[in-house]
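In: Next come a sequence and a model predicted from it.
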Amino acid sequence: MVQILEEFKEYIITGVISAITALFAYFMGQRKSKAETEVVETDVVKNIRELYGNLVSDLKDVVIELRETKKQVVALSTEVNILRHTAQELEKELEACRKVFKK
């Protein structure tokens with residue numbers, strides 16, 4: 001048995017060193033993979049944050065624009081109502097004038 005171990009001693013040492021190297025490489029690969037994943041996740045979060053900021057900014061602009069449009073609509077609606085009232089008064093006056101001139 002000792003003689004067999006002596007003959008395969010070199011192969012056993014090489015196998016053990018290879019196994020240790022493989023385990024070391026595996027754990028280092030896991031560590032590297034985890035670090036790369038964290039970097040990618042951080043980039044994704046930054047991009048999402050930037051997109052969200054742009055979206056909020058755009059929505060604020062749209063809200064401001066809609067408020068201005070609403071003010072214009074209210075002003076125009078008020079003006080239309082005033083013009084309708086004026087037109088009704090003018091029609092009444094015209095009708096009164098027609099009655100006076102018919103006689």
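Out: Structure received. In this text the structure is predicted, and so the values were computed from the model without any measurement.

In: Report the residue spans of the protein with pLDDT below the cut-off.
Out: Along the chain, segments meeting pLDDT under 70 span 1-2, 103.

In: Please enumerate the helices of it.
Out: Along the chain, counting by DSSP state H, helices occupy 2-102.

In: burial measure for residue 21, as a count.
Out: Counted by other Cβ atoms under 10 Å, the residues lying close to residue 21 total 10. C-beta: built from backbone N, CA, C; applies to glycine.

In: again, but for residue 73
Out: Residue 73 has 10 neighbours, counted by other Cβ under 10 Å.

In: cool, and residue 89?
Out: Residue 89 is flanked by 10 other residues according to other Cβ under 10 Å.

In: now do residue 41
Out: 10.

In: With residue 12 instead?
Out: Close neighbours of residue 12, defined as other Cβ under 10 Å, add up to 11.

In: List the residues that contact it.
Out: Counting by Cβ atoms under 8 Å, 6 or more residues apart in numbering, residue 12 touches residue 5.

In: What of the one 10 residues further on?
Out: By Cβ under 8 Å, 6+ apart, the contact set of residue 22 is empty.

In: ok, now how distant is it from residue 16?
Out: According to Cβ to Cβ, to the nearest Å, residue 22 stands 11 Å off from residue 16.

In: got it, and residue 23?
Out: For residue 23, the distance to residue 16 equals 11 Å [Cβ to Cβ].

In: now swap in residue 83 and tell me
Out: Using Cβ to Cβ, residue 83 is found at 99 Å from residue 16.

In: go on, residue 41?
Out: 38 Å.

In: mind checking how far residue 7 is from residue 18?
Out: Separation of residue 7 from residue 18 (Cβ to Cβ) stands at 19 Å.

In: let me redo that: residue 99
Out: 118 Å.

In: now swap in residue 87 and tell me
Out: For residue 87, the distance to residue 18 equals 100 Å [Cβ to Cβ].
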